[in-house]
Structures are given as C-alpha cells and as structure tokens.
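> the following comprises the amino acid sequence and a computationally predicted model.
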Amino acid sequence: MTEPVTQSEGRLAVFLVDDHAMFRAGVRAELGRHVEVVGEASTVAEAISRIGTIQPDVVLLDVHMPDGGGRAVLESIRRTHPQVKFLALSVSDAAEDVIGLIRAGARGYVTKTISPDELAAAVRRVADGDAVFSPRLAGFVLDAFASRPDVPVADPELDQLTNREREVLRLLARGYAYKEIAKELYISIKTVETHVSNVLRKLQMSNRYELSRWAADRRLV
Amino acid sequence: MTTTVAPPQPRRLYRPRDHRIVAGVASGLARHLGVPVLAVRISLVVLLGFNALGLLLYAAYWAVLPQEARNDEKPAGRDFAALIPFAAIGLGVVILQTLVFGDQVATTVGWMIAVVAVGAGVIWHQSDPSRREQWTDPNAPSGLMAAIVGEGDRRSFMFRFVGGGVLVAIGVIGVVAIYSPADSLSSVLNGIIFALVGLLGVGVVVAPLVWRTFGQLRAEREGRIREQERAEVAAMIHDQVLHTLALIQRNSADIKEVQRLARGQERSLRNWLYKPTASPTERFAAALEQAAAEVEDTYAISVETVVVGDTQCDERVAALVAAAREALVNAARHAGVQTVSLYAEVEPDELSVFVRDRGAGFDLSGVAETRHGVRGSIIGRMQRHNGRAEIRSAPDSGTEVRLTLPMARESVTAGKESAR
C-alpha cells in the first residue's frame, strides 16, 4: 500500500462542498479542531475550479446541490486529480444516492446526522486510503447480493464478494465498529479495513450484473 | 426522463441537409446505399427515358423522405415488416400486368415502381413514435404527411397504412385505366379514381385537425397529472411537516420532545420520498420498520434500521418481529443510549434479527425470575416458534440480542420479486 500524501503534522487539508452556508460553517467549526479546512464551495462549478487549484487531501461532498450534484464534482475532479479523496456527506441515505456516489468513486458515505467526532474519524480514515461504510450502506450492498438468483451466473469476470467480505459487511450492518468486527472475527483492524476497501472497489466496477439488476429492480437507473 | 447517452445512430434514409443540389434525394439515397452520388444522379437521369420514371422517383422520394434529423432528435429503428405487404402488392400487380398486357410491361413496371416506392417509403421510414417531434419541425413536410404518418400508435399505423394503400391503389387503378382497351371499364375506373382522390382531399383537410386535437388532449392530461402531484405534495407538507414544525416551536425548551418530533417527521418524510409503501401486516421488512418507528416515537431514541431482503409475514414471522420489538424496547429503556442498531436479514433458510446497543449492558444471570421481558417476550417466544434467541451482554460493552427463525425454503422470497 502506498503512503498517502498528507500535509505535515498529520493536519489534513479538507475542502467543504455544500450549498448551505450554515452547514458549512457548522462543519468548519466542529472539524477545525481536528483538521485544516482549506476551502469551501457552494456550487458545482466553484467546487470543480477551486478543488483543482487547492488540491486538498479530502473533499467533504454534499450529494444534492442546485446546479447538479456531488457526482458531477466527483467525476470531473477524479479525471484530473485522482489523488483527491472524497467523502460524501449527505442528508439522504437513499440507496440510489449512496450507491451512485460510491460508484462514481467516493471512498465513503456518511449522513449529516453523524457526530463531529465520528466525522473527523471518518475523514481521517478516508485520507489514509480506507473506506468508511455506514451500517445502512453495508445493508444496501448486502441487499444487492442477497437478492441474487440461485442460478450461478457463468461469468468469470464477475468478482463477487467473498464470504469473508460478506461477513464483515454483515457485522458492519449490525452496527459494529471496525475494531469490534476485528475482535469478533479474530482478525486485525487492518484486515477489516482491507475487506471493506475491497467491497468498495468491487462496487465501483459498474458492470456488475447483480448490481445493475438490483438497481433496475428498484428503478434506480 | 431523457437518456443522456445517445444510442449509436442507425443508417437511415434521409434527405441530408448538406451536399444537395435540389432537395438532397440523390445524395441521401447514395449515402444510404453506399454508392457514389454521381452514380445515383446518372441513374435518375437515365430513368427519365422510361416514361419520365427518374423524375417520378425523385418527386416520390422528395415527398416521402424527411430531412436529416437534427442532433437533439432521436434516431429510430426501421420497420422492415411494413415493407413486405407493399413489396407483395407491387409484385402481384406487376405479374398481373404481365399476364394481361404482355407487350406493355416495361412502362407499366416503371409506373408501378414509382407508386409503390411512395407508399413503401411512407410506411418504412415513419413507423416510429419517437419521430413524432419531427413533424412539429417547420422544415419538415406538413399537413398531409403528418396526418398519414404522424403519430406512432396503432391508430396512426392505420392512418399510414390507409394512406400508403390509397396511393398504391391509385397507381394500380391509374395503370389499368390508361392501358385498358375497354371503354366501359375505363369509365368505371375513372369514377373510382376520382372517388379516391376526393377521399385523399378529405384526409388532407381533416387529418391535421385530428392530429392537433390528439396533441392538445395529451398536453391537458399531462398538466392534470402534474397538478395532482403538486396538490399531493402540498397536502403532505401541510398535514405533517407544518404541524410538526409548529409543535417543535411550541416545545422548543424540551429537547427530548423536539428530538422525538424531528425524528418522527424525518422518518415519515423519508418513507414518503423514497420507500414504496408496504403493509406491515404483510411484509416482514415493513413490520420491522413499523416496530422500530414505534419504539423511536415512544422512547425518543433513534433506531438505525437495516433490513436486507424481505419476505411474507405469517404468524411465526410476526412473533419474530414482536421479539425484536421487545429487544428494542429493552435497549431503549435500560441501555441509556441514543442510538440502537436493528439489523435483519432474510436468507433462504432462515430469518435473523440483531438488536444492538452500546449502552450499559447487564448480567443475564442476574435478571430476576419475576421479570418477564427477556425470558417471556424474547427467549420464550422464539422457542415457542422453533426459533432461537441469544443475548450477549456484558456490563459497559453493550448488549446484542440475536434472534434467528429457521424457515421452510419455499416460503422465503427474495423480496423484490414478490413486492411487486
């Protein structure tokens, strides 16, 4: 694993994208104790131009904005600056928003009801290259694979979740923290994080038969 | 909703907007057939020698072919099936002509080809509903053509079919009338021709009117649907959101109450926006979510509910839900936390529910015999229905209640299929 490029002294450079100034102010005040908030943007266009020049470690990204949405920012920035990591921070926990952002390349997804400490921890984890999965997100993924038909799909390309990954997801969905999962399964926290990262990586490959079927079933696409 | 990714454009017969001399027929044909433009033009000129067939064909295609689509228009698939009857009719007439007037076949065939080309072209090219917008394009042929080929449903298919058929019939009758040696037959046929021409005239007059009326009806219906949806949103906001906000203003000093109200409102809005409604008496997931909602409302905590899969509710499943509800209530009352996790999974052979909190925890052996909550409502109830309940708890590390209920294989469905 390559060591992520972070600013000195472990102070992460975080950029906020949200169309509500009040919310940005709140996040800035709460997060300011843990990380360095290096910029803000309230629109998609502003976010794209400013993130490109500032190049923060982590972007906290709102999903729904008036002139497009977090996904547009993500897709544009990832093309030009693949090292910038994205953590989606949204009021919505609807399946299409969550899966859509993850597929576009966000390394995590948390809802706005998260506590400030948890948010800071999530930002740090994302910056370190790990994934942040909420129980609900884990549930969506499990749901996608649970509804799979019994007939095996004869596609060698199809990398499904391994049993271990599914086990980790299950515990995540049950509300376990990473270290509790590690204890439960007798593995290290690092291993748990690896499993979760693998799940995310698999989710981003957009031609998964199950996921597209699942999305179509729910009229998400 | 429109798709943003344009499908690959199929090769269609158009009159292109560029490379044209008169109307672009020759270059359109050339592009479609993949031959040099010059060859097409020379062929047309040569065909002029056969009863002016070249001119006839040119005019026919000019009338029938639309101009090339603009970028924002969707290309459409071709309807080969519509060609078959016309090919058959044309062939049949040609054979008939050969049998009756053997010496005049060459010119007759020329006329026939021209007429059949018109009808076939109409049906072939315009048999797709997504091309409807084209007819509102000021550059496109209007009136007659729109009436014949405009709308894409079955009704308009009749329009097209009749229109194309009339043209072919005129061609056939015209040929017969011109070459028929018998005077009486000729006069009869002349009558038919005039009748058909009259019919065509009526069609030209009436069809745009009918077409416009259909359009207006459709627009009206869409407007009404939009209006209804807006009214529904307004009613929902009035009945729920505004009342909750008023209550929150009144109880702003009571944090617990405000949280309870906000939480309840959030849940109902979420359900309304994102979730298809299912009856809690029929579906496992809906029943669990309802139980969680009740506990949230009663005890002012939040229950993070994740349900994977779904199944039908029966007596045993209802017992599982009731046990889960009891576990939630216990967590809400005794754990002293704000958040409880509820996770349920539907697997082919069993249902499992996990209720977890990170609160105080307790020692199971220390629970008095007289307390019925855990023993009766959770463990006992699960055992009565062939299930299992396991409670893992330790002081300070929270509690997890694990409920499992084995199921017969066929009674569990994968949620989505049966939810429809």
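Arrived safely, thanks for sending.
> which stretches of the chain form strands?
All of this is about chain A. Taking DSSP state E, the strands of chain A run over residues A:13-17, A:36-41, A:58-61, A:85-90, A:108-111.
> hmm, I had chain B in mind actually
B:302-308, B:339-346, B:350-357, B:388-393, B:399-406.
> who's in contact with whichever residue of chain B sits closest to chain A?
Closest to chain A within chain B is B:Ser341: 2.8 Å, counting by Cβ to the nearest Cβ. Every C-beta, even on glycine, is put in place using the N, C-alpha and C of the backbone. Neighbouring residues of B:Ser341 by Cβ atoms under 8 Å, 6 or more residues apart in numbering or on different chains: A:Pro135, A:Arg174, A:Gly175, B:Val303, B:Glu304, B:Val306, B:Phe354, B:Val355, B:Arg356, B:Asp357.
> the fourth one against B:Arg325, yeah?
In other words, B:Val303. No: B:Val303 lies out of contact with B:Arg325 (Cβ atoms under 8 Å); the separation is 10.2 Å.
> what touches both of these two?
What both B:Val303 and B:Arg325 touch, as defined by Cβ under 8 Å, 6+ apart, is the set B:Val295.
> that older thread, mind putting the strands of chain A into a markdown table with mean pLDDT and distance to chain B?
Output for those, formatted as a markdown table (pLDDT from 0 to 100; distance: least, Cβ to the nearest Cβ, whole Å):
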| stretch | mean pLDDT | distance to chain B |
| --- | --- | --- |
| strand A:13-17 | 90 | 22 |
| strand A:36-41 | 88 | 24 |
| strand A:58-61 | 90 | 20 |
| strand A:85-90 | 88 | 13 |
| strand A:108-111 | 84 | 10 |
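> tell me which of the ones you listed lies nearest to B:Asn330.
strand A:108-111 (25.9 Å; Cβ to Cβ).
> helices or strands next to that closest one in the packing?
strand A:85-90, helix A:95-104, helix A:116-127 (3 or more Cβ pairs under 8 Å, 6 or more residues apart in numbering or on different chains; DSSP states H and E).
> would you indicate which residues of stretch B:210-224 are buried?
Neighbour counts using 16 or more other Cβ atoms under 10 Å in any protein chain shown place B:Val210, B:Trp211 of stretch B:210-224 among the buried residues.
> ok, stretch B:329-339 next?
B:Val329, B:Asn330, B:Ala331, B:Ala332, B:Ala335, B:Val337, B:Thr339.
> any chance of those in CSV, with pLDDT and distance to chain A too?
Below are the buried residues of stretch B:329-339 laid out as CSV (pLDDT from 0 to 100; distance: Cβ to the nearest Cβ, whole Å):
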residue, pLDDT, distance to chain A
B:Val329, 88, 17
B:Asn330, 86, 16
B:Ala331, 87, 11
B:Ala332, 86, 15
B:Ala335, 82, 12
B:Val337, 84, 11
B:Thr339, 85, 8
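> export the strands of chain B to JSON lines and tack on distance to A:Ile181?
Converted to JSON lines, the strands of chain B look like this (distance: least, Cβ to Cβ, whole Å):
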{"stretch": "strand B:302-308", "distance to A:Ile181": "15"}
{"stretch": "strand B:339-346", "distance to A:Ile181": "13"}
{"stretch": "strand B:350-357", "distance to A:Ile181": "12"}
{"stretch": "strand B:388-393", "distance to A:Ile181": "15"}
{"stretch": "strand B:399-406", "distance to A:Ile181": "13"}
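> give me the neighbour count for B:Arg316.
A count of nearby residues for B:Arg316, using other Cβ atoms under 10 Å in any protein chain shown, gives 18.
> how much space between it and B:Glu326?
As judged by Cβ to Cβ, to the nearest Å, B:Arg316 and B:Glu326 stand 16 Å apart.
> quick one: contacts for A:Arg124?
Contacts of A:Arg124 (Cβ under 8 Å, 6+ apart): A:Leu12, A:His34, A:Val35.
> can you pull the contacts of the nearest residue to the first one once chain neighbours are set aside?
Which is A:Leu12. Counting by Cβ to Cβ, 6 or more residues apart in numbering or on different chains, the nearest residue to A:Leu12 once its immediate chain neighbours are dropped is A:Val35, at 4.3 Å. By Cβ under 8 Å, 6+ apart, A:Val35 lies in contact with A:Arg11, A:Leu12, A:Ala13, A:Val14, A:Val58, A:Ala120, A:Val123, A:Arg124.
> how about a cut-off of 10 Å?
A:Val35 is in contact with A:6-7, A:10-14, A:56-58, A:60, A:119-120, A:123-124, A:127, counting by Cβ atoms under 10 Å, 6 or more residues apart in numbering or on different chains.
> among the residues you listed, name the buried ones.
A:6, A:12-14, A:56-58, A:60, A:119-120, A:123-124, A:127.
> returning to that earlier point: go through the helices and strands packed on strand A:108-111 and find the least confident stretch.
Lowest mean pLDDT within the helices and strands packed on strand A:108-111: helix A:95-104, at a mean of 79.
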